[in-house]
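Novice: mind looking at a prediction? Sequence and model below.
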Amino acid sequence: MATSAITIDWPNGQTSSCHAGCDWLLAAQAAGFRIPTGCLGGSCGACEIEVNGQVVRACIATVPPKSPLRVELASDPYW
């Protein structure tokens, strides 16, 4: 069964598409958007993004099967 492409709107004004389950960091890279990273294990929070208002850690999360998605950088007061 084929999966449909998920549309993602990035903070840099770019719009891209990928399949559900794609790694967030790879999806961002393909769109020319850099998500800051730290530990790459989900514990530091440097890679937090807001996806349709929900905060996720991009280094350990994948693109959900919901379209369209609006991404914003989440601010972490400790960084």
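Specialist: Right, received. Where do you want to start? Residues are numbered from 1 along each chain as shown.

Novice: which residues does the closest residue to Asp23 other than its chain neighbours contact?
Specialist: In space, and not counting its chain neighbours, Asp23 is closest to Thr62: 6.1 Å by Cβ to Cβ, 6 or more residues apart in numbering. Where you see a C-beta, it was placed from the backbone N, CA and C, and this is true even at glycine. Contact partners of Thr62, counting by Cβ atoms under 8 Å, 6 or more residues apart in numbering, are 20-24.

Novice: pLDDT weak spots in the chain?
Specialist: The chain contains residues with pLDDT under 70 at 1-3, 75-79.

Novice: spatially nearest residue to the most centrally placed residue in it (excluding sequence neighbours)?
Specialist: The chain has Trp24 as the residue nearest its centroid, 4.1 Å off, counting by Cα atoms, centre = their mean. Of all residues not flanking Trp24 in the chain, Ala58 sits nearest, at 3.8 Å (Cβ to Cβ, 6+ apart).
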